[in-house]
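J.: got a predicted structure here, sequence first:
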Amino acid sequence: MKRKVNRVGQNTLTVSLPSKWVKENHIERGDSLVLVPKQNTLKISTTEKKTHSSIHVDITNYNKTLVKRIMDHIYLKEIQKVILTFKNQDIADYRHKKRISIHKFLQKLSERFIGLEIVNQQPDRIVYQNMFRLSNPKNIEQINQRVAYLLQDFLHEFMMGLKKDPVEFQEICKDYHDRITKFIGLHNRITKQSNLSAQAKTSYYLLNSHLDKIADKIVHAAKRAIQIRKPSLKLIEGTKELLMLLKAYFQILLKKKLAIDSVDLLWGKRYSSFRKLTKINFSKDDLFVLQELRTILDLCNNFTEVHLAVHMREMVDED
């Protein structure tokens with residue numbers, strides 16, 4: 001591919017960027033590009049990639065939830081080596097009002113992140129190594145599909161658990177939740193390293209945060225279902241309606257070509273589901289469970305924002 005050098009003013013030389021590359025990388029007027037000259041070549045990229053070899057964090061005075069959030073942030077940054085040190089052999093678990101073994105907690109924590117493995121363990125520290133490198137950040141669609149199928153299966157299994165035995169479903173809840181959390185974390189990492197626009201990245205982060213919250217809500221709903229004597233057919237009907245809505249959301253997200261009419265139909269489906277749910281005369285026990293799942297109704301905003309942010313360029317007529 002060749003480009004003609006043009007002169008702008010008296011001393012400035014310019015070269016146009018290939019339109020295909022501009023579209024694929026969502027380059028817009030006013031964006032900054034990184035130029036790396038080397039002998040007779042000039043490398044142009046959208047971001048200046050910074051790599052961090054290692055990080056050391058003393059978690060002695062931190063609780064379980066805070067350590068999780070710190071590790072989420074570290075994983076997103078793609079740091080290769082993580083050293084966590086501590087002076088106590090237990091860590092505060094505020095949610096369950098107790099202290100738990102810090103070694104067992106940190107061993108389990110590694111399962112939350114794809115590619116993060118424990119390579120050294122001592123009485124006062126644990127060392128993680130990131131074995132997964134993002135050689136191809138174009139796998140966002142594949143991760144989208146994985147999260148979509150897992151979350152839909154999770155809610156479907158919950159509905160089946162209501163028909164059979166909520167206690168039995170409770171036993172597999174954690175496995176579903178952990179797998180969804182893993183892939184959401186990986187999706188955030190790939191999104192960060194991708195060439196998506198800043199608006200599209202932000203939209204994805206917000207959507208993933210909401211999806212992670214829904215996985216939590218399904219776990220909470222399962223716990224509530226166990227507390228009631230026998231789930232009713234109305235509760236199963238309400239859960240099924242929310243499952244159908246969730247599937248409709250993901251069908252929109254996974255489409256490669258934007259049809260704005262499809263997004264419009266999605267909003268119609270959202271309000272249709274809302275009206276159906278409000279017409280069902282749920283018992284107090286049913287509402288006790290469904291209250292946790294109602295957040296699925298709010299996903300419509302997130303899916304719309306992501307789809308518009310990613311595909312808006314395709315909707316604009318170029319002169």
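T.: That came through fine. Here the structure is a predicted model, which is why all the values come from computation and not from measurement.
J.: show me the contacts for the spatially closest residue to Arg99 that is not a sequence neighbour.
T.: Nearest residue to Arg99 in three dimensions, chain neighbours excluded: Asp90, at 4.2 Å (Cβ to Cβ, 6 or more residues apart in numbering). Placement of C-beta: from N, CA and C, glycine included. Residues counted as contacts of Asp90 (Cβ atoms under 8 Å, 6 or more residues apart in numbering) are 99-102.
J.: out of these, which is most surrounded?
T.: In terms of neighbours by other Cβ atoms under 10 Å, these top out with Ile102 at 22 neighbours.
J.: read off the pLDDT value for that residue.
T.: With respect to pLDDT, Ile102 scores 95.
J.: for the closest residue to it other than its chain neighbours, give its distance to Lys98.
T.: Nearest residue to Ile102, sequence neighbours excluded (Cβ to Cβ, 6+ apart): Ile91, at 4.4 Å. With distances taken as Cβ to Cβ, to the nearest Å, Ile91 is found 10 Å from Lys98.
J.: out of these two, which sits in the busier spot?
T.: Each of Ile91 and Lys98 has its neighbours counted (other Cβ under 10 Å); Ile91 has more, 22 against 9.
J.: for the more buried one, what are phi and psi?
T.: Main-chain torsions, Ile91, degrees, to the nearest 10: phi -140, psi 150.
J.: again, but for His177
T.: Here the main-chain torsion angles of His177 (degrees, to the nearest 10) amount to phi -60, psi -50.
J.: ok, the closest residue to it other than its chain neighbours - contacts?
T.: Using Cβ to Cβ, 6+ apart and skipping the chain neighbours, the partner closest in space to His177 is Ala215 (5.0 Å). For Ala215, the contacting residues are 151, 154, 176-177, 180-181, by Cβ under 8 Å, 6+ apart.
J.: repeat the analysis, applying 10 Å as the threshold.
T.: By Cβ atoms under 10 Å, 6 or more residues apart in numbering, the residues touching Ala215 are 147, 150-151, 154-155, 173, 176-181, 184.
J.: and the helix or strand containing it, how far out from the chain's middle?
T.: Counting by DSSP states H and E, the element that carries Ala215 is helix 198-227. Put simply, helix 198-227 sits 9 Å off its chain's centre (Cα atoms, centre = their mean, to the nearest Å).
J.: let me know the average pLDDT across the helix or strand just after it.
T.: Next along the chain after helix 198-227, taking DSSP H and E as the criterion, comes helix 233-253. Per-region confidence: helix 233-253 scores 87 on mean pLDDT.
J.: which positions in helix 233-253 come out as buried?
T.: Neighbour-count burial for helix 233-253, counted by 16 or more other Cβ atoms under 10 Å, picks out 235, 238-239, 241-243, 245-246, 248-250, 252-253.
J.: what of stretch 210-220?
T.: 210-212, 214-215, 217-219.
J.: could you do stretch 80-87 as well?
T.: Within stretch 80-87, judged by 16+ other Cβ under 10 Å, the buried ones are 82, 84, 86.
J.: now tell me what touches it from outside.
T.: Stretch 80-87 has contacts (Cβ under 10 Å, 6+ apart) with 51-62, 67, 70-71, 74-75, 102-103, 106, 109-110, 113, 116, 118-120, 122-131, 133.
J.: what about the helices in the stretch 51-200 of the chain?
T.: Here the stretch 51-200 of the chain has its helices, by DSSP state H, counting those that start in this stretch, at 64-76, 102-109, 140-163, 166-193, 198-227.
J.: to Ile44, which of these lies closest?
T.: Smallest distance to Ile44 across these (Cβ to Cβ): 17.1 Å, for helix 166-193.
J.: tell me the buried residues in the closest one?
T.: 166, 169-170, 173, 176-177, 179-192.
J.: and the angle from it to helix 140-163?
T.: Here helix 166-193 points in a direction 170 degrees away from that of helix 140-163 (axes from the mean of the first three to the mean of the last three Cα atoms, to 10 degrees).
J.: packing partners for helix 166-193?
T.: If you count contacts as 3 or more Cβ pairs under 10 Å, 6 or more residues apart in numbering; DSSP states H and E, helix 166-193 packs onto helix 64-76, helix 140-163, helix 198-227.
J.: most distant residue from the middle of this structure?
T.: Seen from the C-alpha centroid of the chain, the residue lying at the greatest distance (Cα atoms, centre = their mean) is Gln10, 49.4 Å away.
J.: quick check: phi and psi at that residue.
T.: phi -90, psi -30.
J.: and the residue nearest to Lys213 when sequence neighbours are not counted, helix, strand or coil?
T.: Spatially, and ignoring its direct neighbours in sequence, Lys213 is nearest to Thr295 (6.5 Å; Cβ to Cβ, 6+ apart). Classification of Thr295 using DSSP: H, G, I helix; E, B strand; the rest coil returns helix.
J.: and Thr295, how many neighbours?
T.: Neighbourhood size, Thr295 [other Cβ under 10 Å]: 14.
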